[in-house]
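[1] here you go, sequence then predicted model.
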Amino acid sequence: MGKSKERVVHPNHYNRGIEMWDYAHSHNLDFFEGNIVKYVTRWKDKNGIEDLKKCHQYLEKLIELEENRLKNEGNSSGK
């Protein structure tokens with residue numbers, strides 16, 4: 001294990017298969033998508049309902065951004 005990796009403390013909820021950053025990178029997830037996956041998969045082992053609420057906030061923001069993007073695309077195409 002490299003020295004930089006040795007300095008990172010990994011609680012139990014990190015040691016279940018793939019690291020979040022590896023998963024996000026391999027699935028080309030953006031910041032919001034990665035945080036949604038992170039919080040919804042760790043809530044039982046870390047911060048409970050607080051993590052579900054964080055997931056909800058990121059999901060609401062992602063929806064808002066996507067709706068705005070689609071709206072702007074429609075406006076720019078002359079619709």
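    That came through fine. In this text the structure is predicted, and so the values were computed from the model without any measurement.
[2] show me what whatever helix or strand Val40 lives in is packed against.
    In this structure, Val40 sits in helix 31-42 according to DSSP states H and E. For helix 31-42, the packing partners by 3 or more CB pairs under 8 Å, 6 or more residues apart in numbering; DSSP states H and E come out as helix 20-26, helix 49-76. Heads up, the C-betas are built off the backbone N, CA and C, glycines and all.
[3] pLDDT score for the nearest residue to Ser26 once chain neighbours are set aside?
    Distance criterion CB to CB, 6 or more residues apart in numbering; nearest residue to Ser26, sequence neighbours excluded, is Ile18 at 7.9 Å. According to the prediction, Ile18 has pLDDT 87.
[4] likewise Glu6?
    pLDDT, Glu6: 56.
[5] ok, Asn47 to Glu64 distance?
    Counting by CB to CB, to the nearest Å, the gap from Asn47 to Glu64 is 24 Å.
[6] neighbour count winner among those two?
    Asn47 (14 against 11; other CB atoms under 10 Å).
[7] low-confidence ranges, the protein, go.
    Low-confidence segments of the chain, defined by pLDDT under 70: 1-15, 77-79.
[8] what sits up against the helix holding Val40?
    By CB atoms under 8 Å, 6 or more residues apart in numbering, the surrounding residues in contact with helix 31-42 are 13, 20-21, 23-24, 27, 29, 51-52, 54-55, 58-59, 61-62, 65.
[9] now do that helix: distance to the chain's middle.
    Distance of helix 31-42 from the chain centroid (CA atoms, centre = their mean, to the nearest Å) equals 3 Å.
[10] ok, back up a step: make a PyMOL selection of the buried ones in the contacts of helix 31-42.
    PyMOL command restricting the contacts of helix 31-42 to the buried ones, with burial defined by 16 or more other CB atoms under 10 Å:
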select buried, resi 20+24+29+51+54+55+58+59+62
